[in-house]
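Visitor: Sequence first, then the predicted structure:
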Amino acid sequence: MQKSLIKRRESIIVSTIQTLNEVGLQNLSTKMIANQEGVSEGTLFRHFKTKTDIMLAVVDHFSQYDDAIIETCVKKNFSPLEAIRYFYNAYAEYYQNYPEITVVIQAYDSLMCDEELAEKVSAIIYKRADFIIKTIQAAKDQNLIGAHMDPVLLENILTGGSKEICLKWRMERYCFSIKEKTAEMVDTIISGFIENKI
């Protein structure tokens, strides 16, 4: 019984992501989610009290690999530059294997309009950014990149580039490899700040 409830809950989350990807956040309704899942709205609300609760679960689903990606960078003793490359490439691979999940990235601004969702989304954004900023600082400390480089600014550039590639990938109906394009972007940006090239 418990296993069945968990499976249904997970299935609703996946159906929500699929529906969100098709209609966008503004048009998303619990009726649409229920139709996608093939259940009544009543069944939906037996698992989630509100639409916000469903979206909180979607955001959790979206960020489920965050800890594993960061832990891998630490456990494998990557150099700071290797860790930066791995971090962005790991997310690009996740998105390439699950294109629908990228709708969450594109809905960040809208999600921030809800107080509960804003808190969760902000925590995800700052956690990811904090890891990269600290890793860039470590690269500075090891003289791998120029001492003049602001870690916060470089994180903004890398993350901004990653989001822009993701948006173009969605706009072009996934017609190129987001993984390859992201790896190229990260390498290009990092190579511009490597100490011996400055």
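Guide: Received, thanks.
Visitor: Which positions within the helix or strand where Y126 lies qualify as buried?
Guide: Applying DSSP states H and E as the criterion places Y126 in helix 115-141. By 16 or more other Cβ atoms under 10 Å, the buried positions in helix 115-141 come out as 117, 120-121, 124, 128-129, 131-133, 135-140. Every residue, glycine included, has its C-beta placed from N, CA and C.
Visitor: cool, stretch 23-37 as well?
Guide: Residues of stretch 23-37 classed as buried: 25, 28, 30, 32-34, 36-37 (neighbour count, 16+ other Cβ under 10 Å).
Visitor: Which of the three states applies to Y94?
Guide: The three-state label given to Y94 by DSSP: H, G, I helix; E, B strand; the rest coil is helix.
Visitor: what's the nearest residue to it if we skip its chain neighbours?
Guide: Nearest in space to Y94, with sequence neighbours left out and distances taken as Cβ to Cβ, 6 or more residues apart in numbering, is Y65 at 6.1 Å.
Visitor: F131 now?
Guide: What sits nearest to F131 in space, not counting adjacent residues and going by Cβ to Cβ, 6+ apart, is I70, at 5.3 Å.
Visitor: Using CSV, write out every CA atom in the helix or strand of the chain with the lowest mean pLDDT.
Guide: Of all helical and strand segments in the chain, the minimum by mean pLDDT, DSSP states H and E falls on helix 2-23, at a mean of 88. What follows is the C-alpha trace of helix 2-23 in CSV, where atoms were taken according to Å, rounded to 0.1, in the frame of the first residue of the first chain:
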residue,chain,number,x,y,z
GLN,A,2,2.7,2.5,1.0
LYS,A,3,4.8,1.6,-2.1
SER,A,4,1.7,2.1,-4.3
LEU,A,5,1.1,5.6,-2.7
ILE,A,6,4.8,6.5,-3.3
LYS,A,7,4.5,5.4,-7.0
ARG,A,8,1.4,7.4,-7.5
ARG,A,9,2.9,10.5,-6.0
GLU,A,10,6.0,10.2,-8.2
SER,A,11,3.8,9.6,-11.2
ILE,A,12,1.9,12.8,-10.5
ILE,A,13,5.1,14.7,-10.2
VAL,A,14,6.2,13.4,-13.6
SER,A,15,2.8,14.1,-15.1
THR,A,16,3.0,17.7,-13.7
ILE,A,17,6.4,18.2,-15.4
GLN,A,18,5.1,16.9,-18.7
THR,A,19,2.0,19.1,-18.5
LEU,A,20,4.1,22.1,-17.4
ASN,A,21,6.4,21.6,-20.4
GLU,A,22,3.4,21.6,-22.7
VAL,A,23,1.3,24.5,-21.4
